[in-house]
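K.L.:
Dropping the sequence and predicted coords here.
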Amino acid sequence: MMQLSTERLLLRPFKRSDWHALHQILSDVDVMQYSLNGPYSVQKSKAFLEQCILRSNNNEPTLLAAIDKHTQQLIGSCGFFPQTIQRVAELELGYRFAKDYWGKGLATEATLALKRYAFNEMKLTRLISLINSHHIASIRVAEKNKFRLEKKMLYAGKIPISMYAVMR
């Protein structure tokens, strides 16, 4: 099971005991403003958690719990999930943090650690990040980690998204 440590974060597999803290983040309207799926219901949050646990148990790339090292609290999720973009299999690197942790460079820190892990340990040669085209803060995180805009498209025929990519 993948576990990473950065200066301020522990990135570890999700546990069922993360349920409440995770749901607080995934159901927050502000946090999910640019999500392609909007705020999560209780059922959707539970399904998300179970999927992450299953993928981790199967040693598949997945999203991880982002734990604040100082407080030991779950403050977000970040990691990998498979995507198919125009019939091409890709691995997306994504992140989402609770509002109280925005603007502190944590997404940039987590993304750098995950990118290094993907290229050095998983031996990947490419990662993508799908970002709502209006989400300027998330675009800045991608750009700070050397992701470059590759294409723009519409999600579900209506939400403008930008696909950023980085090569090893």
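P.N.:
Happy to help now that I have it.

K.L.:
which outside residues touch the longest strand seen in the chain?
P.N.:
Ranked by residue count under DSSP state E, the longest strand found in the chain is strand 74-85. Residues from elsewhere that reach strand 74-85, judged by Cβ atoms under 8 Å, 6 or more residues apart in numbering: 2, 11, 14, 18, 21-22, 25, 52, 61-68, 89-98, 100-101, 106-107, 110-111, 114, 118, 127-128, 130, 163. (C-beta placed from N, C-alpha, C; glycine too.)

K.L.:
In helices only, show me these.
P.N.:
Of those, the ones assigned to helices by DSSP state H are 21-22, 25, 52, 106-107, 110-111, 114, 118.

K.L.:
So which of these is the closest to H134?
P.N.:
Nearest to H134 out of the ones in helices among the contacts of strand 74-85 is A107 (Cβ to Cβ; 16.6 Å).

K.L.:
residues contacting that closest one?
P.N.:
Here A107 is in contact with 76, 78, 95, 97, 138, 141 (criterion: Cβ under 8 Å, 6+ apart).

K.L.:
Swap in 10 Å and give it another go.
P.N.:
Contacts for A107 were tallied using Cβ atoms under 10 Å, 6 or more residues apart in numbering; they are 9, 66, 76, 78, 94-97, 101, 137-138, 140-142, 144-145.

K.L.:
And L54, by the same measure?
P.N.:
Contacts of L54 (Cβ under 10 Å, 6+ apart): 60, 62.

K.L.:
one step back: can you add distance to V42 and pLDDT and give the ones in helices among the contacts of strand 74-85 back as JSON lines?
P.N.:
Below are the ones in helices among the contacts of strand 74-85 laid out as JSON lines (distance: Cβ to Cβ, whole Å; pLDDT from 0 to 100):
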{"residue": "A21", "distance to V42": "14", "pLDDT": "97"}
{"residue": "L22", "distance to V42": "11", "pLDDT": "97"}
{"residue": "I25", "distance to V42": "13", "pLDDT": "97"}
{"residue": "C52", "distance to V42": "16", "pLDDT": "97"}
{"residue": "L106", "distance to V42": "26", "pLDDT": "97"}
{"residue": "A107", "distance to V42": "25", "pLDDT": "97"}
{"residue": "A110", "distance to V42": "26", "pLDDT": "97"}
{"residue": "T111", "distance to V42": "29", "pLDDT": "97"}
{"residue": "L114", "distance to V42": "28", "pLDDT": "97"}
{"residue": "A118", "distance to V42": "32", "pLDDT": "97"}
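
K.L.:
Quick check, R8 in contact with K69.
P.N.:
Yes: counting by Cβ atoms under 10 Å, R8 does reach K69; the two are 5.6 Å apart.
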